[in-house]
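Visitor: Make a model of this:
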Amino acid sequence: MAINDIQILQFGTGNFLRAFLGSMVQDLTEAGNPLNICIIQSTSGNAINRLAARDFNYHLLSAGFKNGQEVESISQITCVKAGLTLPDDVETFFEYSTSPSVKWIVSNVTEAGMVWKSEGEFAQFAASFPGRLTQWLFKRFQAIPEADTIVLPCELLPNNGDLLRGFVLDHAKAWALSDDFVTWIEEKVTFFNSLVDRIVPGFPSHLDLTLKESDPFLVQAEPYALWAIQGSESEYDKLPFLKSKSEVILADDITGYALRKVRILNAAHTAMTGHGMLNGVETVGEWIGDPEREKFLQEMIAEEIIPTMNLDRAALAKYADDVLDRFRNPFVSHKLSDISLNSIAKLKSRLLPIMADFQSKNGQYPTKLSSCLLSMILFYLRYPDKIRDGQEVKTWFENACKNQTELECLKHAMKEWLQITWNSDLESVYDKLSN
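Guide: Prediction:
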């Protein structure tokens, strides 16, 4: 497909954006407002080539509960029209910067990819997503400065749009790019803070579906889908996604949506992952299907997580109940090993802020959350071959315990990766985990 036929660049080929953004854009396409996506892969693998062989078409299975009713439907996603692999297709990537039809950039490079990294010379293609975006925007500034650009990061980080914009401006400064470019960023490029909420377990290998044989990119998601975007009503026309069938909200302040989601749904996911994997539990459904573990999770949310948020307690309790129902979805087999991807970054962004706030209010670390956090680190120490994280993390844990006891190694890992100094609270939790 020609460069000028694409309107959206999607950074990330994973299950989440294919189910989340893909379904919303498909809604618009079917309603007579067609938008075309080019997906960009920045990781190893051949996903782009395999998708290209299918003309980038795949199916979405939506299954679970909606308005108290069990629903199950399959739809075809046809709005993805092109794909790139970076850094291999860098020339084509920069060609898109010269196209006025390209207007939206949507990303989900995970918390591990939304970071500042020092780059080499500007002429050298950047290694990080923020660096690459800065280079792309500069070429757009040179080629078509009159064009508007709208950036919608979906990474689960507070104020993700402001964060990414800051990284871009920092790269512009580090590369000594022109003041006119900085002014253009501030006036012609809109970075929205946004919050995404949808459970996407991925390929439904556990379900009896004949479609699995013909579509290896079949992706399963729950019916629930929320995209909260921070902005004013005057920016409504910049966001066609507001007209999709999903719940897409434009609000002046989305901090409440973001905080409750990251601290209840995402923190619970990450908390149960280390706890479960250390004990041989494979899925979210298996984890919550055990009455003792379910009670543990309910108490952790009610006693250790909700009290750290200055939001309406009744509304938070209702959201927590809804989240637990979503975890119980009988159609979903959400593997803890999939949730464990880049767990070090997730522990930092999801669990540590809760633990810090809890300690500030109570003078001690929360017992259940601490147990889950230590379980994840212990899993990394005991099973380094099963780590799904960056190479630096994997290498560190592979070599961590060669000349130390497990407890010494655990203390070192906590300080090295999470900046936590060991204390008696953590000591007692470790003693319980070890017995």
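Visitor: Could I get the full set of helices for the stretch 51-200 of the chain?
Guide: All helices of the stretch 51-200 of the chain, identified by DSSP state H, counting those that start in this stretch, fall at 90-95, 110-113, 129-143, 160-174, 179-188.
Visitor: Would you format these as JSON lines with mean pLDDT, mean neighbour count and distance to Glu408 included?
Guide: The C-beta positions use only the backbone N, C-alpha and C, and glycine is treated the same way. What follows is these, written out as JSON lines (pLDDT from 0 to 100; neighbours: other C-beta atoms under 10 Å; distance: least, C-beta to C-beta, whole Å):
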{"stretch": "helix 90-95", "mean pLDDT": "97", "mean neighbour count": "15", "distance to Glu408": "45"}
{"stretch": "helix 110-113", "mean pLDDT": "84", "mean neighbour count": "20", "distance to Glu408": "27"}
{"stretch": "helix 129-143", "mean pLDDT": "98", "mean neighbour count": "22", "distance to Glu408": "36"}
{"stretch": "helix 160-174", "mean pLDDT": "97", "mean neighbour count": "19", "distance to Glu408": "35"}
{"stretch": "helix 179-188", "mean pLDDT": "97", "mean neighbour count": "14", "distance to Glu408": "48"}
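Visitor: Of the ones you listed, which is nearest Leu311?
Guide: When the helices of the stretch 51-200 of the chain are compared by C-beta to C-beta, helix 160-174 sits nearest Leu311, at 19.6 Å.
Visitor: Just the angle for the closest one relative to helix 179-188, thanks.
Guide: Helix 160-174 runs at 170 degrees relative to helix 179-188, counting by axes from the mean of the first three to the mean of the last three C-alpha atoms, to 10 degrees.
Visitor: what angle sits between helix 160-174 and helix 129-143?
Guide: Here helix 160-174 runs at an angle of 70 degrees relative to helix 129-143 (the same axes, to 10 degrees).
Visitor: for the one helix or strand in the chain whose mean pLDDT sits lowest, packing partners?
Guide: Within the chain, no helix or strand scores below helix 110-113, which has a mean of 84 by mean pLDDT, DSSP states H and E. With contacts defined as 3 or more C-beta pairs under 8 Å, 6 or more residues apart in numbering; DSSP states H and E, the packing partners of helix 110-113 are helix 343-346.
Visitor: Now the helix or strand following the helix it packs on: buried residues?
Guide: The helix or strand immediately downstream of helix 343-346 is helix 352-362, counting by DSSP states H and E. Judged by neighbour count (16 or more other C-beta atoms under 10 Å), helix 352-362 contains these buried residues: 352-355, 357-359.
Visitor: what element comes up after helix 352-362 heading to the C-terminus?
Guide: For helix 352-362, the succeeding helix or strand toward the C-terminus, using DSSP H and E, is helix 367-382.
Visitor: Sounds good, over and out.
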